[in-house]
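Participant: need coordinates for the below:
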Amino acid sequence: MTDIVGKIGLEKSIKGASAIMAVGCFLRSGVGFFGGLVQGVAGGLAANAVVGGVVGAGGADSLDALTALATSTDTLAATSLADSGLVPYPFIIAGTVLVGAAQPFFQCTPPMLSAQWFASDERATSTAIALNFNQIGIATAFLVGGGMATDPAGLAKYFGLISMACAVVTFGTFLQFEDKPKVPPSSSELEKLIRGEEEPPFIDSVKKFFKTPGFTKPLAAFIMSIAITNIVGTFIDEVMERGGVTEQLSIDLAGAGFEFGILFGGIIIGGYVDKTKKYKSVTMACILATIFLLIPLGLTEHALGKEPFLLVLALVGLGVTAGPIQPINAELAVDTTYPSDETAVESVQQIGGNLVSALLVPLAEIGAKQDYQLLPTNEWFASDIRGDVVLLVAIAAITWVYFSDFDSPLRRTMADRGETFDEVIDVGVVEDLGVAVLEQ
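Facilitator: The predicted model follows:
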């Protein structure tokens, strides 16, 4: 993704990825004539298999008869799924692969979008909106998918709804999305333009990042944040049920509240960071709040463990405080490695975050079965805490300690303030470019 964006630009990449995602969605839903064609083919194959099985069983031994009967049963089941509107499983797999291939173009480009279109006091907010709006998709899945996808027919309708929504958004993308403005929105972007910065291959960027002092600190914070939000979102049903919330609608609403909290927290806290540039202090405060808000999610039994209001409040609060760590540290990593490739920075963070999340899933499953006593002799505050939450708290605490000694210069912020601008470019070149920009 990073190399493709570097070669063809942001506009063509986003439009192309939108088209790929739309095709993937339609492959999964099989709407319109495609769905009818697939159902007809599946039904014909199933009918032929049933007839063939019966004829073959008439002159065969009992084993052949049983085989024919089993085949007939399986094909009838396939026909039932086709009749419900679902396409064959290989089409669902193919569509999902296309959707997955398109996803990085939307998740890894927000820092570049913010740098090319927004001023220095707007970038963290812009990145928070673009990056964390992914959570709105998850929240929609909780609210809409939870009610629709309860059987094969409902799942087929849900896939169809996603396809229609994707088609509308893809049309809007082709109609409105532009590569970059004619005039750079900040001094740092103007500096990159004057110097003729070209994005190196992704592997070269990665090597450069890890040689840059301070890069691993925001990387660790980003990985911690995405790992915690992914794990909590994955096991949301179990987290809610252990705290006394068992109705599916209530669980779906709580999950949606968690995802919305991630978005709104990113907008509010990101806006504060835009104005103050206090990346370090805000990140450390968010990590600390994350640690304390995780604890109620692991409490079981006794007085504190069966308070649904406390549980839901802690869950939404966790989204508000843990979610903003991602866009803030995406911007911090770009600021620290300036004039780096923003998409390469975000790609490294996304790869690290999702890889660690995947590795933590089995550990969290094991930890969820472990209970640890808290204040067992206190009637009011005695409780058990589950091991999965203990694991997440430990990860957050280690990240807080590791991040606490971040002390690297904010190179892009310095360029925006003009502190390094005159030192790296020729003033005459600036004047010539200024005239060209005014003429445009």
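Participant: point to the residue nearest the middle of this structure.
Facilitator: Centre of the chain computed as the mean C-alpha position; nearest residue by CA atoms, centre = their mean is Asn134, 5.4 Å away.
Participant: number of nearby residues for the closest residue to it other than its chain neighbours?
Facilitator: Sequence neighbours aside, Gln107 is the residue nearest to Asn134 in space, at 6.3 Å (criterion: CB to CB, 6 or more residues apart in numbering). Just so you know, the C-beta spots here come from the backbone N, C-alpha and C atoms, and that holds for glycine as well. By other CB atoms under 10 Å, 17 other residues sit near Gln107.
Participant: and for Thr246?
Facilitator: 12.
Participant: and the one 5 residues further on, by the same measure?
Facilitator: With neighbours defined by other CB under 10 Å, the count for Ile251 comes to 19.
Participant: show me which residues of the longest helix that the chain contains are buried.
Facilitator: When the chain is parsed with DSSP state H, its longest helix is helix 248-276. Burial within helix 248-276, assessed by neighbour count using 16 or more other CB atoms under 10 Å, is assigned to 251-267, 269-271, 273-274.
Participant: check the average confidence over the helix or strand that that helix is followed by, would you?
Facilitator: Heading C-terminal from helix 248-276, the first helix or strand you meet, by DSSP states H and E, is helix 279-298. Helix 279-298 carries an average pLDDT of 93.
Participant: same for helix 279-298, what does it pack against?
Facilitator: helix 216-234, helix 248-276, helix 308-322, helix 325-337, strand 383-386, helix 387-403 (3 or more CB pairs under 8 Å, 6 or more residues apart in numbering; DSSP states H and E).
Participant: pull the CA coordinates from that helix and hand them back as PDB.
Facilitator: The C-alpha trace of helix 279-298 is given here as PDB (Å, rounded to 0.1, in the frame of the first residue of the first chain):
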ATOM      1  CA  TYR A 279       1.800  14.700  22.900                       C
ATOM      2  CA  LYS A 280       3.800  13.200  25.800                       C
ATOM      3  CA  SER A 281       1.800  14.500  28.800                       C
ATOM      4  CA  VAL A 282      -1.600  13.700  27.100                       C
ATOM      5  CA  THR A 283      -0.500  10.200  26.100                       C
ATOM      6  CA  MET A 284       0.700   9.400  29.600                       C
ATOM      7  CA  ALA A 285      -2.500  10.700  31.100                       C
ATOM      8  CA  CYS A 286      -4.600   8.600  28.700                       C
ATOM      9  CA  ILE A 287      -2.600   5.500  29.400                       C
ATOM     10  CA  LEU A 288      -3.000   6.000  33.200                       C
ATOM     11  CA  ALA A 289      -6.700   6.500  32.800                       C
ATOM     12  CA  THR A 290      -6.800   3.400  30.600                       C
ATOM     13  CA  ILE A 291      -5.300   1.300  33.400                       C
ATOM     14  CA  PHE A 292      -7.900   2.400  36.000                       C
ATOM     15  CA  LEU A 293     -10.800   2.000  33.600                       C
ATOM     16  CA  LEU A 294      -9.800  -1.500  32.600                       C
ATOM     17  CA  ILE A 295     -10.100  -2.800  36.200                       C
ATOM     18  CA  PRO A 296     -13.900  -2.700  36.400                       C
ATOM     19  CA  LEU A 297     -14.100  -4.800  33.300                       C
ATOM     20  CA  GLY A 298     -12.500  -7.700  35.000                       C
END
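Participant: how far away from the center of its chain is it?
Facilitator: 20 Å (CA atoms, centre = their mean, to the nearest Å).
Participant: buried ones in it?
Facilitator: 279-280, 282-284, 286-287, 289-291, 293-298.
Participant: ok, stretch 165-178 next?
Facilitator: Under 16+ other CB under 10 Å, the buried positions of stretch 165-178 are 166, 170, 173.
Participant: from Ile395, how far off is Ala94?
Facilitator: Using CB to CB, to the nearest Å, Ala94 is found at 36 Å from Ile395.
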